[in-house]
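> Whatever this is, show me its structure:
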Amino acid sequence: MKNIKFILILFIGIIASCQKDDDSDGSPVILSDKNLITSFQINIAGELVSGEINETDKTINFNTEDADLASLVPIIEYSDKASISPAPTVSQNFENEVSYTLIAENGDSNIYRVLVKNISSNTNIFGFQLLIEGKVYDGEVDNTAKTLYAETDNVLDSADIVFSLPEGSTIASVQEDPQNFYLPVEYIVKAENGTTATFTLTAKAYNFFGSNAKLFYSDAIAIASGTGIDLSVPNSSLVLENEQNSYTIQNILTTNSSSYTNGMPFNSLSFRFPENIVTATNYKLKYLIDGEVKTTSIFNVDVLSEDVPVINSINQDSYSWNDILIINGKNLPETISIPSNGSLFIIQNSGNYDLTVNNEKTELRLTLDYHYLFPSYFGRPEAEKTITLYGPNRRIGTTINTVFK
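Next up, the predicted model:
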């Protein structure tokens, strides 16, 4: 009987204990729905900077200047009992948008986007190029001296320029378009934060003028012209070469320098070929400074060293209208030129001229009955003129000077 009473009491106690556990506080358990970031800071150059939290569009915004954002560990405060991903202890590259996901205790989630507007004060120019007729010429930049320099082997009339700049910066020419690259050109670089810097561009063009082949006998006086072909520059030289032979031109007769109205330098020079030059049709002229080729002629220089016309003498020291010019020599051609009044008269046997050459090619005769050849026709005093011999295809040969009245 005592055992029955004990079991009954134990059973009632167990039931009472279970009821007490179920109704310990009288209400059900509620999980947190909080999933907010309440503070977000990044350390920039030793200073903690707080982001502006926008709960409407779930963004955290920073405005910085010249900050290194590539690897920063943020300091984040967020709701209790919420979890965050990625972990705040992981460094992030804030140069790009970074997203953080907050998950509340009850599973609700929020995604925050961290946006850093990092404006730059950088006014440097990373690089630039001149673009001319499909060719690209890389320039040199000195960001300390604020200078730009470029060299080309072409004229600059049709040049365009492109720059490589920091993100957010702009550049503009002080001068109006189109820019004249034969003169210094100033450019203003404006950084993203509004800071400005002025650069000065200097461009140098090296170019031989002309594209057609030039034909010479080996004893001719050759003339070349271009821009930047300045033999007064220290350690500059003129070279004539093809794949087989190379000659440094030593016998420079004349040099002239001037400038066009747009500032483009103009250079001309005359020279004699080396006495040992070998016949070839494909020589090129090259202009060098300190051994570096600055430009190469587009045209070929065709030099013939065989059967060269030679002038031994002429019959008078000076000539008047209707005189007869007689040239004695060897391999004399049937064409000559005489300059007059700014023009060059090419003379051969025709209805205007009675130029003749004997069968042995040792004597050339011309009746000087063309008034335009004489300075007196234009009311000018007598002048020395250069008579030039021409071979087939206007190949330029030797010359002789005499006086026309």
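> Correct me if wrong: T362 contacts S313.
No - using C-beta atoms under 8 Å, T362 is not in contact with S313; the gap is 11.0 Å. All C-beta atoms are positioned from the backbone trio N, CA, C, and that covers glycine.
> Spit out the residues that contact the two alike.
Counting by C-beta atoms under 8 Å, 6 or more residues apart in numbering, the common neighbours of T362 and S313 are N328, G329.
> quick one: which of the two has more around it?
T362 (15 against 9; other C-beta atoms under 10 Å).
> Could you give the number of residues near D157?
D157, neighbours per other C-beta under 10 Å, totals 13.
> who are the neighbours in contact with it?
Contacts of D157 (C-beta under 8 Å, 6+ apart): N262, M264.
> what does R272 give?
D219, A220, I221, A222, N251, L253.
> what do you get if the cut-off is 6 Å, keeping everything else the same?
N251 (C-beta atoms under 6 Å, 6 or more residues apart in numbering).
> before we move on, what about I161?
Counting by C-beta under 6 Å, 6+ apart, I161 has contacts L130.
> R113: which element?
strand 109-119 (DSSP states H and E).
> For the very next helix or strand once past that strand, which strands pair with it and how are they oriented?
Going down the chain from strand 109-119, the next helix or strand is strand 127-132, by DSSP H and E. Here strand 127-132 is paired, per DSSP bridges, with strand 135-138 (antiparallel), strand 160-164 (antiparallel).
> Let me know which of those strands is tucked in deepest.
strand 160-164 (a mean of 14; mean count of other C-beta atoms under 10 Å).
> and the next element down the chain from that one?
Taking DSSP H and E, what comes next after strand 160-164 is strand 170-173.
> Dihedrals phi and psi, the spatially closest residue to Y372 that is not a sequence neighbour?
Leaving aside its sequence neighbours, Y372 sits nearest to S340 (C-beta to C-beta, 6 or more residues apart in numbering; 5.6 Å). Here is the backbone geometry of S340 (degrees, to the nearest 10): phi -160, psi 130.
> if I look at S340, how far off is K385?
For S340, the distance to K385 (C-beta to C-beta, to the nearest Å) stands at 7 Å.
> who's in contact with E52?
E52 neighbours (C-beta under 6 Å, 6+ apart): N61.
> Tell me what it is bridged to.
Applying DSSP bridges, one finds that E52 bridges with N61.
> Could you dump the strands paired with strand 127-132 into JSON lines and include mean pLDDT?
Formatted as JSON lines, the strands paired with strand 127-132 follow (pLDDT from 0 to 100):
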{"stretch": "strand 135-138", "mean pLDDT": "97"}
{"stretch": "strand 160-164", "mean pLDDT": "96"}
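> So which of these is nearest K204?
strand 135-138 (10.4 Å; C-beta to C-beta).
> Kindly export that closest one (C-alpha atoms) in PDB.
The C-alpha coordinates for strand 135-138 follow below in PDB (Å, rounded to 0.1, in the frame of the first residue of the first chain):
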ATOM      1  CA  LYS A 135      52.100  56.900 -87.900                       C
ATOM      2  CA  VAL A 136      52.300  57.100 -84.100                       C
ATOM      3  CA  TYR A 137      55.100  59.100 -82.400                       C
ATOM      4  CA  ASP A 138      55.400  58.700 -78.700                       C
END
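> Tell me how far that strand lies from the chain's centre.
4 Å (C-alpha atoms, centre = their mean, to the nearest Å).
> Show me what counts as buried in stretch 240-251.
Buried residues in stretch 240-251, counting neighbours by 16 or more other C-beta atoms under 10 Å, are found at L240, E241, N242, Y247, I249.
> roughly how far apart are I326 and D317?
13 Å.
> So those two - more neighbours on which side?
Counted by other C-beta under 10 Å, I326 and D317 do not tie: I326 has more neighbours, with 13 against 7.
> In contact with the more buried one, which residues?
N315, R365.
> I'm done for today, thanks for sticking with me.
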